[in-house]
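Visitor: my questions are about this predicted structure, shown below with the sequence.
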Amino acid sequence: MEASGKQGGAATGGQDIQLGFVENAEAWKLISRFFPTKVGGKPAWLDLKNLPPPEMMKCFHCDAPYAFLCQIYAPIEEKDSCFHRTIFLFICKNPACSQEDEGGIVALRCQLPLDNEFYPDTPFEERPVVGKDEYGAEHYMNICAVCGCLGSKQCAGCKKVHYCGKAHQTIDWKMGHKQNCKEVGRPGDGSSKFLLPEADVVIEEEPADAKKREKTDEEKMADYATLVKDKIESLPDADVGELDKMASSGGDDPVFTRFRKRVAREPEQVVRYWRGGAPLWVSSRRVPAAADVPACRCGAARQFEFQVLPQLLNHLDLDETGDSVDWGTLAVYTCSDSCQPPAGEPAYAAEVVWKQQL
Ligand SMILES: [Zn+2]
Ligand SMILES: [Zn+2]
Ligand SMILES: [Zn+2]
Ligand SMILES: [Zn+2]
């Protein structure tokens, strides 16, 4: 993955760990043609046509449609078939499902060669798209007006607006489609109710510890504590900072202490990317053994690729009910061969997400 996330970016050959940080960006930059790394909003699909079917996009526990969480643009330089490559994460917004050790989340991997049916082989100029976007999934498929996934159902009234299923049709009806169905045949505001807040994710290399040698570990921990405190004080009462919540429940687990020390180098990081490396666990509970991560269906072993940190929760506005979606870390394992899904199947291969809670 290249630091700037530009088209044709190179995967890192070395062992450098790359960190992702949430940054505000104009929405026009976060669409398919610019191969974004981002959180929230609708997915910026890579293959624009062979999208995952609704059955794949439903929570295994409660059947609710998943919400798009984030996508990481991570081409593999040595592999022609992975000139473009993006890993997508979707979660169930039902808090009870996020408490389950398994399920309630899905990782999908998609890749394309430079010469492909969707995009030209030179990068697009960075400016807003005027008019219809020929390089978006809507150009090829009916897309759910609420979640941005495949929308094979259409509103029977206007026959103009599509949904992935009943749940999203109902949200959108209540959020304004009821009024504008007959008049204008445009979607309501259901997507704003359902989608997570959208932001860019910028990538930087993790700084070496040596750069901060002038400070002792104690000093760094003190800086970190100050940062956490500032963060909490800047938040509304009900919204307790994730790091603080963890600090109070992590206790003296040495794995958690190691996590805190390492994250203290860049406390605002929300993603750690290290393909073929090792995740930074938050807890000594539920650390997977090799056998816990199944091989890909092509036969190749899966390897760690990136993890999402709990700091991302601070950006997601999921706390409205008090009882909220939660995780310690989400570690994503992908096919070490980054194999191509067979022709005729969705171009999005389901990979493995290992969830750790504190
Ligand atoms: Zn669920
Ligand atoms: Zn939908
Ligand atoms: Zn309608
Ligand atoms: Zn594979």
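Guide: Yes, it's here. Ligands and ions are numbered 1, 2, ... in the order given.

Visitor: residue in the stretch 51-200 of the chain nearest to ligand 4?
Guide: In the stretch 51-200 of the chain, the residue that lies nearest ligand 4 is residue 109 (8.9 Å; CB to the ion). C-beta: built from backbone N, CA, C; applies to glycine.

Visitor: hmm, that residue is touching residue 82, no?
Guide: No. Using CB atoms under 8 Å, residue 109 is not in contact with residue 82, being 9.5 Å away.

Visitor: helix, strand, or coil at the residue of the stretch 51-200 of the chain closest to ligand 4?
Guide: Counting by DSSP: H, G, I helix; E, B strand; the rest coil, the backbone at residue 109 sits in strand.

Visitor: how much space separates it from residue 145?
Guide: In this view, residue 109 and residue 145 are 26 Å apart by CB to CB, to the nearest Å.

Visitor: where in the stretch 201-350 of the chain is pLDDT low?
Guide: Scanning the stretch 201-350 of the chain for pLDDT under 70 picks out the ranges 210-216, 219-220, 226-251, 319-323.

Visitor: where do the helices sit along it?
Guide: Using DSSP state H, counting those that start in this stretch, the helices assigned to the stretch 201-350 of the chain run over residues 217-233, 242-250, 254-263.

Visitor: which neighbours do residue 109 and residue 82 have in common?
Guide: Residues touching both residue 109 and residue 82 (CB atoms under 8 Å, 6 or more residues apart in numbering): residue 338.

Visitor: between the two, which one's more packed in?
Guide: Comparing residue 109 with residue 82 by other CB atoms under 10 Å, the one with more neighbours is residue 109, at 24 against 19.

Visitor: ok, that one - contacts?
Guide: Residue 109 makes contact with 85-88, 334-335, 338, 348-349, 351 under the criterion CB under 8 Å, 6+ apart.

Visitor: as JSON lines, those with neighbour count and distance to residue 136 would be great.
Guide: Shown next, in JSON lines, are those (neighbours: other CB atoms under 10 Å; distance: CB to CB, whole Å):
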{"residue": "85", "neighbour count": "23", "distance to residue 136": "19"}
{"residue": "86", "neighbour count": "24", "distance to residue 136": "14"}
{"residue": "87", "neighbour count": "26", "distance to residue 136": "19"}
{"residue": "88", "neighbour count": "22", "distance to residue 136": "15"}
{"residue": "334", "neighbour count": "24", "distance to residue 136": "25"}
{"residue": "335", "neighbour count": "21", "distance to residue 136": "27"}
{"residue": "338", "neighbour count": "23", "distance to residue 136": "24"}
{"residue": "348", "neighbour count": "26", "distance to residue 136": "16"}
{"residue": "349", "neighbour count": "23", "distance to residue 136": "22"}
{"residue": "351", "neighbour count": "20", "distance to residue 136": "24"}
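
Visitor: and these near ligand 4, which?
Guide: The residues of those that also fall near ligand 4, by CB under 5 Å from the ion, are residue 335.

Visitor: now residue 138: how far from residue 34?
Guide: Counting by CB to CB, the gap from residue 138 to residue 34 is 16 Å.

Visitor: surely residue 190 touches residue 175?
Guide: Yes. Assessed by CB under 8 Å, residue 190 is found in contact with residue 175 at 4.4 Å.

Visitor: compare these two (neighbour count), which wins?
Guide: residue 190 (25 against 18).

Visitor: mind checking which helix or strand the closest residue to that one other than its chain neighbours is in?
Guide: Excluding its sequence neighbours, the residue lying closest to residue 190 (CB to CB, 6 or more residues apart in numbering) is residue 172, at 3.2 Å. Using DSSP states H and E, residue 172 falls within helix 166-172.

Visitor: and that helix, what does it pack against?
Guide: Applying 3 or more CB pairs under 8 Å, 6 or more residues apart in numbering; DSSP states H and E, one finds that helix 166-172 makes contact with helix 190-194.

Visitor: hey, C-alpha coordinates of the helix it packs on in CSV?
Guide: Taking Å, rounded to 0.1, in the frame of the first residue of the first chain, the C-alpha atoms of helix 190-194 are listed here in CSV:
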residue,chain,number,x,y,z
GLY,A,190,-32.6,6.9,4.4
SER,A,191,-28.9,6.8,3.6
SER,A,192,-28.1,9.6,6.1
LYS,A,193,-29.9,7.6,8.8
PHE,A,194,-28.1,4.4,8.0
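
Visitor: who's in contact with it?
Guide: Taking CB under 8 Å, 6+ apart as the rule, helix 190-194 contacts 42, 67, 93, 145-148, 168, 171-177.

Visitor: which ChimeraX command selects the buried ones in those?
Guide: Buried members of the contacts of helix 190-194, defined by 16 or more other CB atoms under 10 Å, are picked up in ChimeraX with:
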select :42,67,93,145,146,147,148,168,171,172,173,175,177
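
Visitor: picking up where we left off before, the helix holding residue 172 near ligand 3 anywhere?
Guide: No. With CB under 5 Å from the ion as the criterion, ligand 3 is not reached by helix 166-172; the gap is at least 8.7 Å.
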